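Asker: model this:
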Amino acid sequence: MGSKKSIILIVVCCVFINILSAFMIVMCFLPIFELKGEKEIYLNINSSYTDAGVLAKFQGKNIADEVEIQNNVDVTKPGRYEIVYKLKKGLTNKSLTRKVIVQDLEKPTIELEGETDIYLAKCEEYQEAGYKAYDNVDGDLTAKVVVTNQDDKIIYEVSDTAQNKFTIERNIIHEDKVAPEITLNEGDTISIIQNSKFVDPGYKAIDNCDVDYTKDVVVTGSVDTSKLGSYKLTYTVKDESGNEAQKERVVKVIKKLKGVIYLTFDDGPGGYTDDILAILAQNNIKATFFVTNQFPKYQGMIKKEDEAGHTVAVHTYSHSWNVYNSVDAYLNDFNKINNIIYEQTGHYAKYFRFPGGSSNTVSKKHSVGIMTKLASLMTEKGYTYFDWNVDSGDTHKNNTPTYIINNIKKYVNGNGNYIILMHDIKKNTLSALPSVINYLKGRGYTFRAIDENTPVKHFKIAN
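Answerer: I've put the predicted structure just below:
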């Protein structure tokens, strides 16, 4: 009985050894084949992808180059993709799979224009400075930004097609940090005649909430009109938040100049003529209007100019260069506007100004020598033409009121007679006129309208 058990045990051991030997033999002919990296990968759209590959060895040797790879991953399109690795080696025919999920994982962005911290006074409401929103897939999302206004912040939020959300805030700080604005009547430099009485032309101080702080302005400095020179006045004001503004004015005490100013206005009457007449009346100034018929509905202003004591003179009926086509063309145009002057005033004008001035060269394109002929002919007929010696610049491209004022200050600078060219159809001329008058009055000039005693100013005729 004992020997029988021993035989069975020996047989079992032999079988086990044979099976183990067979397994070891089989394993020698099986390769090692595994994925490197993760089996499932989430990838942001349009990003680069480098596959981790596989581990493939057979009998200790690297056989990765024998692996067949099927890769259809498209990083430009959202979707679920598979990379399949296949290996045939020895007794093995095996495949491995890696999943690649391409998604839009990137949030859009919002760029705020202007400051992120906004200081506002109590009276102010925030005016949106602007923003732009962009997404790496959807592109411009500015139109889809949702703006929420709260008391202390403004929230900007946007989502892209993949529901990636981005939020940014702008802080609203209720604190007035803006000083009032001081405006000096007649500008920051004025002139007065020696030994005259100095009266400050005035000022205003208004803050960003339209509160008038003029009465709180403190003026320091003094002007001694008995002595020639420049004197500085300083204007200072604070608002209730403690914001301080300061402005300086230079007062020049000068000798009285001996000169006459002839303000002349071309191209009207027009929409601003009536207001210009009002300013001249307030200052008791007479001027000269070289009129046209560009704007027939304002013909009645010609009568008003004459009744106010101003000189009404001829400029042109049509305000067209075609008046220089011939002598007859010019005379026809001249007589048509002079007839209107007669209808409005009861008398014909005897003074006139050539369109473009007597030195214009545009007339050459219409008729060579026409200006020489017309100047001689009109003089023979008893008419007198006037050019100018100061151009206000009110027809120039940068004809701001400040430009006009500074231009006149530049060229009216001594004793003598100044015929100033202006245009009563220009809004900035209207705006600049009070300061021009105040400046010239401060220099001691006398104002007159053109008459028979006016020194004639002629340019050199170029045609």
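Asker: could you measure from Thr264 over to Thr454?
Answerer: Between Thr264 and Thr454 the computed distance is 10 Å (Cβ to Cβ, to the nearest Å). Quick note: C-beta positions are derived from backbone N, CA and C, even for glycine.
Asker: those two - which one has more neighbours?
Answerer: Taking neighbours as other Cβ atoms under 10 Å, Thr264 and Thr454 compare with Thr264 leading, 26 against 18.
Asker: wait, is that one part of a helix?
Answerer: No. Going by DSSP: H, G, I helix; E, B strand; the rest coil, the assignment for Thr264 is strand, not a helix.
Asker: you'd agree Met85 is up against Ser95?
Answerer: Just so we're on the same page, residue 85 is Tyr rather than Met. Yes. In terms of Cβ atoms under 8 Å, Tyr85 counts as a neighbour of Ser95; the distance is 6.5 Å.
Asker: of those two, which one has the most company?
Answerer: Set side by side, Tyr85 and Ser95 show more neighbours around Tyr85, with 22 against 13, by other Cβ under 10 Å.
Asker: which SS state does the more buried one fall under?
Answerer: Under three-state DSSP, the three-state class of Tyr85 is strand.
Asker: now do the contacts for it.
Answerer: When contacts are counted by Cβ atoms under 8 Å, 6 or more residues apart in numbering, Tyr85 touches Phe33, Leu35, Val54, Val67, Glu68, Ile69, Ser95, Leu96, Thr97, Arg98.
Asker: quick check: bridge partners of Glu181?
Answerer: Ile206 (DSSP bridges).
Asker: show me the helices in the stretch 1-150 of the chain, by range?
Answerer: For the stretch 1-150 of the chain, applying DSSP state H, counting those that start in this stretch gives helices covering 2-27.
Asker: give me the residue ranges of it where confidence is low.
Answerer: Applying pLDDT under 70 to the stretch 1-150 of the chain picks out residues 1-3, 5-29.
Asker: hang on, Lys441 in a helix?
Answerer: Yes. Under three-state DSSP, Lys441 falls within a helix.
Asker: does it really touch Leu263, like I thought?
Answerer: No. Between Lys441 and Leu263 there is no contact under Cβ under 8 Å: 12.0 Å.
Asker: who has more neighbours out of those two?
Answerer: Leu263 (27 against 17).
Asker: my read: the more buried one touches Asn283, true?
Answerer: No. Taking contacts as Cβ under 8 Å, Leu263 lies outside contact range of Asn283: 10.3 Å.
Asker: identify the contacts common to the two.
Answerer: Common neighbours of Leu263 and Asn283 (Cβ under 8 Å, 6+ apart) are Phe447.
Asker: bridging residues for the nearest residue to Asp451 once chain neighbours are set aside?
Answerer: Spatially, and ignoring its direct neighbours in sequence, Asp451 is nearest to Thr311 (6.6 Å; Cβ to Cβ, 6 or more residues apart in numbering). Bridge pairing for Thr311 (DSSP bridges) gives the partners Thr288.
Asker: I'd say Thr311 and Ile450 touch.
Answerer: Yes. Using Cβ under 8 Å, Thr311 makes contact with Ile450 at a distance of 5.0 Å.
Asker: looking at those two, which is more packed in?
Answerer: Ile450 (25 against 21).
Asker: any idea how far Lys286 is from that one?
Answerer: From Ile450 to Lys286 the distance is 9 Å (Cβ to Cβ).
Asker: got a list of what the residue sitting nearest the centre point of the chain touches?
Answerer: With distances taken as Cα atoms, centre = their mean, the residue of the chain nearest its centroid is Ala129 (13.7 Å). Going by Cβ under 8 Å, 6+ apart, Ala129 touches Leu112, Glu113, Gly114, Glu115.
Asker: what do you get if the cut-off is 10 Å, keeping everything else the same?
Answerer: Leu112, Glu113, Gly114, Glu115, Thr116, Ile118, Ile154, Arg170 (Cβ atoms under 10 Å, 6 or more residues apart in numbering).
Asker: again, but for Val211
Answerer: Ala121, Cys123, Pro180, Ala205, Asp239, Glu240.
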